[in-house]
Every structure is written in C-alpha cells, then in structure tokens.
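Enquirer: Only the shape, not the letters, is given here:
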C-alpha cells in the first residue's frame, strides 16, 4: 500500500469536474441506430443495383409488366420532404419557445401519413397491373425496398404520433421528441435516395 | 441532472428492491452486472452445445460409420446439421455473447465509473432477445427435417431451396435465430457507445478509458456498421425460402454470389468484432501482470481504429474461387495482406509492454501470453489464404479450418478464459484455484495444438473440408491421412475432457472459493476500487473521481508499484 502517500492527501482539493454529455443520450442512441439502418438500406440498394446491372437485356423490367410510376411518385416524395421540413420548423420553434411547435409537428405527421397512404395506393395499382413479389426480380426488389422503407415510416409515425399527443397535452418528454426527430429525418432523407436509385 | 444525484437516486432505488424474487432478480433485472452474468452463463451453456456437436462430427470423421457414444450413428444429414450448428453457435452464441455482451456489460460501467448503462431497459430487452434466439436455434433441431445443414455461411442456392438443403423449416429458423441475435447485439452496442460517451466518471477523459473498453466500443461500432447489409441479405434469403422470390436463385435469374458479398461484408468485420475485445482483455492482463505501463496506449487505440476501417475492405478474399474478376481479387489480396500490419503492430506493442517488466505468471497471464503465441500462428497462416494465388489451392481445405481455428480459438476461448480467470474475483467475490487453473491451461493449450497442427498438413495435402465419409475418396485416404484425422480427434477428446477441470474449478470456486479482496491483482482500473462483488449501483461511497490514466504501474516516485486511477496526487510539501 502507498502508506507514504496516504496521510498527506487533502481530500477534495483536486476533485475533478464531471464530464458533460456532448450529445444527449437519446439523440446519440438513435443516431447509432440510424447508422445501422442506413447500412441496411445501403445493402438493399446495392444488391438492387448489382442485380439490375447484371440482368440480361430485355428482362428488366420483364416485358408486359408495369414499369415503376416515377412521375406520380414525385408527389409522394414532395409530401415526405415537406413533412421533414415542417418537423425542422417545429424543432426550431420548440428551441425558441416550448409548446409553440405543436401545429408544425402535427402538420408534419399528417404529411407523413399522406406519404404512406399514397404509397399504398401506388402498390395497389402495381399489384393489379401484374407486378408482384414473385413475378420478376424487379418486383421482388421493389416491394422489398419500398416496403422496408414503409415499415420504418409507419413505425416512426407511431412514435411521432405519441410526440404530437404529448405536445397537445403539454406533457412533453424531451428524450422521446429528440429521438423521434432523428429517426423521422432518417426516414425522410432515405426516401430520395431510394426514389433516385430504384425508380430511375 | 448531475451524475452524483443520479447515483444517489439509483442507490435508493437499489435498496428499495433488495427483497425482489428469483425471477425479478435473475431474469428481469436491469442491472448491467446481472445482465452480463445472464449472457456469460448462456454463452457457456451454448459452448457446451458447440463442443458436443464438434465431438459428434469429429468422431464420424476419425472413425466413419461408428456409433458415437452419447450420440449414435451420425448420418450425412446429421453431419451437415452438426457442422453448421458448431460454426454458428461458436461464433454467434459463444464468442459474441461472452466477449462483447457479457464482458462489455460487466466492465464498461465499472471501468468508466458509473452506476449502470444509459438505457438499462434496452439492455434487459437485449438479453431477452438473445435468449429467445438461442431457444429458436435449439428448437430447430426438433422440427421436421432437422436443423439447418447449409454451413454457417448459408450460401444459396443450397440454403435458398428446401429441395437442396433438405431442411425447409430448419433453414428459416436458423435465419430467424441469427436475426434475433443481431437485434440483441444492436441494442447492446447502442448502450455501450452511448454509455462510454456520456457517463464517464468525473475526471475521466477519453484517453483515460482502459483499452479493453475502447476495444469493445470499436468492435460495437464495427458490428453496427457492418450488420445492415447482412440483415438485408437475410431478409432476401428468407423471402427466397418462404415466398419464392428469386433474389439468389439462378433458376429465376438471381445471383448467388450476391449473397456472398452481403454475407462477407458483415462476415469479415465480424472477425475483428470478436478479435478486438480479446485483444483488449490481453492488453489489460499483460499490463497488470508485467507491472508496467502499457507500451504506446494511443498507438494501440489508433491501430485498432485503423484495423476496423480496413476490415471493411477485405471481404472478397473469401470469394477468390467464386468467379469474381481476377483484377478485383488482386485488390482484395492487397488489402488483406495490409490488415496484418496493424494486428502485428498490436502484438509488438504487447511484447514491448512485457519487455523489462516484473512478470507474474498467474493463470490469467498464462492465457494472455498464449493468446499472443497462438493467434500469431493463425495470423501468419492467413497470409497464404489472403494471397489469391495460393488461396485457389488452399480454398475449402482443412488448411482453412486450421487457420481460422488458430484465430477463433484464441479469440473465443483463450480470450474468454483469460477474462474469466482475471475478473472472476470481481464478478463473484471469490478467488479461483490457481493450481487447477494452470492444469486446465496446459491441458487445453497442448491438446489444442495437437488438434489443429495435423489439420494444416492435411489441408496442404488437399483434404477437402466438406466431406462426410473419406472412405469414398481413396485419394484422401493415402499414407497416414486417416491417422492424422484420428490424432486430431483424440486431441479434441483430451481438450474437451480438460474443460471439465475448468467447470469444476469455476463452480467450486463460485461456492467454496477463498474470499477475494477488492483488488487482488493490485490493479489500477476503476472496477478494482469497487467492492468484490460490486453491489447494485457499483460504488457504495459514490462515483469515483479519476485523476490519471489506467496504466500507471511502477511509477518511479512511488513506493507501491501501482497507482489507482482514483487516488489523488499527493500535495507537494
């Protein structure tokens, strides 16, 4: 034992200060989760790109099956991007004055829900046109990638819906709001990449 | 919210729940130490399954057609299922839960001086998912067709169609088990990184964090950045199996090599996901028992980060014979050979730490030293497989098997034994028996080498790895090749027998061992400043203050040859 040292230490003289969190834990945790999610979509999209580039000429899409409606989907894309922008507005309002953001967040939620509904209509049209999971590899990739994004969007909307309810009741839990924001930005920003890589 | 106030709250909480029932305490706990124990014991139980499967199929290889005691006759389908289960279990259900989940959960809050993980309920969910995944995997043995038999790499089209693999439901259950297990580690990894970023004890700067914690953090980040593409591939494979899509099925225009890319993009970083924590454990132990400061702390840290980055660019060396472009093979040969440089550098750093130290040859130290020696053999033989020219010959031979067992056995078992023997006093408040620890060490190390050195020679003579009964291949039965298989199998039996010594020592010490003091190894890091075993909330006197890095051993100005991180500087009079 360090007997020589033991008697001469004035306690608390050099007590260090606590470390301050650089990023709130809820945001950091969600960000790390988002990294894994982004890599999941990177995997799906690169598999799609490799499969499409290796497909023999004239088989992608299979003749007689519908092509992906890139013009109509532009409206869905705009709805989702505006939803993200409105959430950003909500975040800025919230930073200035707590409680002033509820209408912006509600509008963001409604636009997000509109995106999911429009996507559902698009799927119904494509399915009735003959593009299914097993009809071609294009169909399989399309429903898998867009479906996975849709699942994430619905999950994020559930959490964002909780945030909206909390905002209107005036009982907001900070961690949930920040975490939901990070995740919704991921859903919003992932979509244009999918749109550009899969529809075109 | 100050950290100290939080700690007090947690203590009050802990005391209020002292009379919790068995389920609440052992199965529904949010305490990081209890979750670590859950992972440790589940991992050890799964290791028994992994050990039993290898016993059954090695007996079949050495004495084909015999009725294996305790198993019965190994049919060809059984053989496939046994090999697949051995590989999957040892990597996903032993190495990862013990090295990352158990030790990460146990050590991170204690070593950075906080009371628990940032998200304790996520942590509990993480173990529960892991337990379900283990149950799904074990249950797959009892469904029609039996457990999956398409190897732990699950290559399509074999794995994609029940007509080929003969295990329709087993294949899907294997995929489901792996997916659940990854979800569990994802939750764990989020906890690890967030906790180390936001909950370090007052005064602990980034470079005061012990190397083993850094290694677990880097490994968690590697895991989370690489697992996405594999999950994408797993979903696609599941669709191929159950819905009949054609992602990987050549009959439907699909591309089987695509799976290999998605799998190995995860699969190779995975090697470093388990290697780095083991390297970190070895760093801690070597420093403590050399009584010397760790040689080049920052070099180790930056080297580990470099290894992690580089590990994302080597995956296609598993596919040199899968018909990839030879120009691509060249690139991946170069990156693969490059990655041996940072790993070799870490080994040199450890040797530099040993140099001139006053070495104490305790059981954990023996394990740590043998890790360096055995892993070195694994690394050196990897050069032959990383170079595409020689890999074309060695691919799918027993040389590959011997190579990766010389890397994975040191990682998963030597690393775990080092960690368990070193942290056992802290975990359970009892000392393990040193003599029996050394008996177990020598029995394991010697028999391990007798298993795998013959396999190098078998592989060099072209022994193919996916053969159930070598009597059908006269070329592979020539001049003593079967004798070498028998030698390897007998050595395996010896190795398995010596694990009984470990289990007896472990459980005897757990209940009847000598009581351990708080700091039996005279170590500096924070976990040794807590009582053994640490109570709920870890540090009963309040969270520790940290004044210096973790490796101040044999400081010239001090009488004692260690200097705990929590001890303030003496005043200059």
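Expert: Received the coordinates, thanks. Just so it is clear, the model here is predicted, and its values are computed rather than measured.
Enquirer: what about the helices in the stretch 101-250 of chain B?
Expert: B:103-112, B:120-139, B:162-165, B:168-198, B:211-242 (DSSP state H, counting those that start in this stretch).
Enquirer: Off-centre distance for stretch B:539-554?
Expert: 28 Å (CA atoms, centre = their mean, to the nearest Å).
Enquirer: Which pLDDT value belongs to residue B:17?
Expert: For residue B:17, the pLDDT comes out at 47.
Enquirer: May I see the helices of the stretch 101-250 of chain B arranged in a markdown table, with mean pLDDT and mean neighbour count as well?
Expert: For the C-beta atoms, the positions are set from N, CA and C on the backbone; glycine is no exception. Listed next are the helices of the stretch 101-250 of chain B as a markdown table, based on pLDDT from 0 to 100; neighbours: other CB atoms under 10 Å in any protein chain shown:
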| stretch | mean pLDDT | mean neighbour count |
| --- | --- | --- |
| helix B:103-112 | 96 | 27 |
| helix B:120-139 | 95 | 20 |
| helix B:162-165 | 79 | 16 |
| helix B:168-198 | 93 | 23 |
| helix B:211-242 | 94 | 24 |
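Enquirer: need the helices for the stretch 351-500 of chain B, in chain order.
Expert: Counting by DSSP H, counting those that start in this stretch, the stretch 351-500 of chain B has helices at residues B:363-386, B:388-394, B:398-408, B:415-428, B:434-460, B:481-512.
Enquirer: May I see the buried residues of the second one?
Expert: Translated: helix B:388-394. Residues B:388, B:391, B:394 are the ones in helix B:388-394 that count as buried (16 or more other CB atoms under 10 Å in any protein chain shown).
Enquirer: Now do it: which elements does it pack against?
Expert: Contacts defined by 3 or more CB pairs under 8 Å, 6 or more residues apart in numbering or on different chains; DSSP states H and E place helix B:388-394 against helix B:326-354, helix B:363-386.
Enquirer: residue ranges with poor pLDDT in the stretch 451-573 of chain B?
Expert: Within the stretch 451-573 of chain B, the segments meeting pLDDT under 70 span B:571-573.
Enquirer: quick one, which of the helices and strands packed on helix B:388-394 is packed in tightest?
Expert: Highest mean neighbour count of the helices and strands packed on helix B:388-394: helix B:363-386, a mean of 21 (counted as mean count of other CB atoms under 10 Å in any protein chain shown).
Enquirer: gap between that helix and the chain center?
Expert: Distance, centroid of helix B:363-386 to centroid of chain: 14 Å (CA atoms, centre = their mean).
Enquirer: Looking at it now, give me its mean pLDDT.
Expert: 95.
Enquirer: Likewise for stretch A:153-168?
Expert: Average pLDDT, stretch A:153-168: 94.
Enquirer: near chain B, anything from that stretch?
Expert: No: between stretch A:153-168 and chain B, judged by CB under 8 Å from any CB of the partner chain, nothing touches; the nearest distance is 13.8 Å.
Enquirer: contact partners of that stretch?
Expert: A:80, A:87, A:99, A:101-102, A:105-106, A:108-109, A:112-113, A:115-116, A:172-173, A:176-177, A:179-180, A:183-184, A:186-187 (CB atoms under 8 Å, 6 or more residues apart in numbering or on different chains).
Enquirer: Also stretch A:71-87?
Expert: The contact list for stretch A:71-87, computed with CB under 8 Å, 6+ apart, reads A:104-105, A:107-112, A:114-115, A:118-119, A:122, A:153, A:160, A:181, A:184-185, A:187-189, A:191-192, A:195, A:199.
Enquirer: try it again with 7 Å
Expert: A:104-105, A:107-108, A:111-112, A:114-115, A:118-119, A:122, A:181, A:184-185, A:188, A:191-192, A:195, A:199 (CB atoms under 7 Å, 6 or more residues apart in numbering or on different chains).
Enquirer: now those: which count as buried?
Expert: A:104-105, A:107-108, A:111-112, A:114-115, A:118-119, A:122, A:181, A:184-185, A:188, A:191, A:195, A:199.
Enquirer: now the contacts of stretch A:153-168: which count as buried?
Expert: For the contacts of stretch A:153-168, a neighbour count by 16+ other CB under 10 Å gives the buried set as A:80, A:87, A:101-102, A:105-106, A:108-109, A:112-113, A:115-116, A:172, A:177, A:179-180, A:183-184, A:186-187.
Enquirer: What's the separation between the residue lying closest to residue B:144 once chain neighbours are set aside and chain A?
Expert: Computed as CB to CB, 6 or more residues apart in numbering or on different chains, the closest residue to residue B:144 that is not its neighbour in sequence is residue B:169, at 6.5 Å. Going from residue B:169 to chain A by CB to the nearest CB, to the nearest Å gives 20 Å.
Enquirer: Settle this for me: residue A:122 is touching residue A:69, isn't it.
Expert: Yes: using CB atoms under 7 Å as the test, residue A:122 is close enough to residue A:69 to be in contact (6.3 Å).
Enquirer: what's the burial count for residue B:512?
Expert: Residue B:512: 9 surrounding residues under other CB atoms under 10 Å in any protein chain shown.
Enquirer: Spatially, and excluding backbone neighbours, which residue is closest to it.
Expert: Closest residue to residue B:512 apart from its sequence neighbours, by CB to CB, 6+ apart: residue B:430 at 8.0 Å.
Enquirer: Just confirm that neighbour contacts residue B:507, I think it does.
Expert: No: judged on CB under 7 Å, residue B:430 makes no contact with residue B:507 at a distance of 10.7 Å.
Enquirer: More neighbours: which of these two?
Expert: Taking neighbours as other CB under 10 Å, residue B:430 and residue B:507 compare with residue B:430 leading, 19 against 11.
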